[in-house]
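Undergrad: Have a look at this prediction, sequence included:
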Amino acid sequence: MRKTLIALMFATALPTVAMAMPQDGGPLGGPLDGPRHGGQMHGMHGKGPYSQLDLTREQREQIRKIMGEQMHERKQVVDKYLEKLSPADQKAMKDEIAANHKKAESDVRALLKPEQQKQFDEIQKKRAERRAEWAEFKAWKAQQAQKAQ
């Protein structure tokens, strides 16, 4: 069951990640339609799955909003089923996901040139700081909710 849940989480998260990708840049801000990516990205010209629809800015924003809501709802579904697992299985699943994420980051970093590695490290540091700030905010918010009761 654990493997099924892990597969379900990854399968549901991948399309959202693909949709959330910036229109004109890769994960480190570079173009996706350059020579390193074969010129075109799966027939989409590197601009996302809806690039051939000639969408207006308003339509793109609405689609982005819909996809964000879908991602939030998907997370709620995954969390609902995750809660049904024993605490030991929940911890094991989270640890396995974290280990896979750390390995992927390490593999990506190994592919980069030294100056790119420095930039990558800085990006990772900023992301860690934002995560820490977010955790602190959530703790503060929970504390405020308890005081209000």
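TA: Received the coordinates, thanks.
Undergrad: and the lengthiest helix in the chain, which residues are buried?
TA: In the chain, assigned by DSSP state H, the helix with the most residues is helix 114-148. For helix 114-148, burial by neighbour count (16 or more other CB atoms under 10 Å) applies to residue 120. Heads up, the C-betas are built off the backbone N, CA and C, glycines and all.
Undergrad: Give the other helices and strands that it contacts.
TA: Contacts defined by 3 or more CB pairs under 8 Å, 6 or more residues apart in numbering; DSSP states H and E place helix 114-148 against helix 87-111.
Undergrad: so what pLDDT did residue 47 get?
TA: Residue 47 is assigned a predicted lDDT (pLDDT) of 58.
Undergrad: ok, how many other residues are close to residue 56?
TA: 9 (other CB atoms under 10 Å).
Undergrad: let me fix that: residue 51
TA: Neighbour tally, residue 51, other CB under 10 Å: 15.
Undergrad: With residue 89 instead?
TA: Quick note: residue 89 (other CB under 10 Å) scores 14 neighbours.
Undergrad: swap in the one 10 residues further on?
TA: A total of 10 residues lie near residue 99 under the criterion other CB under 10 Å.
Undergrad: Just want the phi and psi numbers for residue 84.
TA: Backbone torsions of residue 84, given as degrees, to the nearest 10, read phi -80, psi -20.
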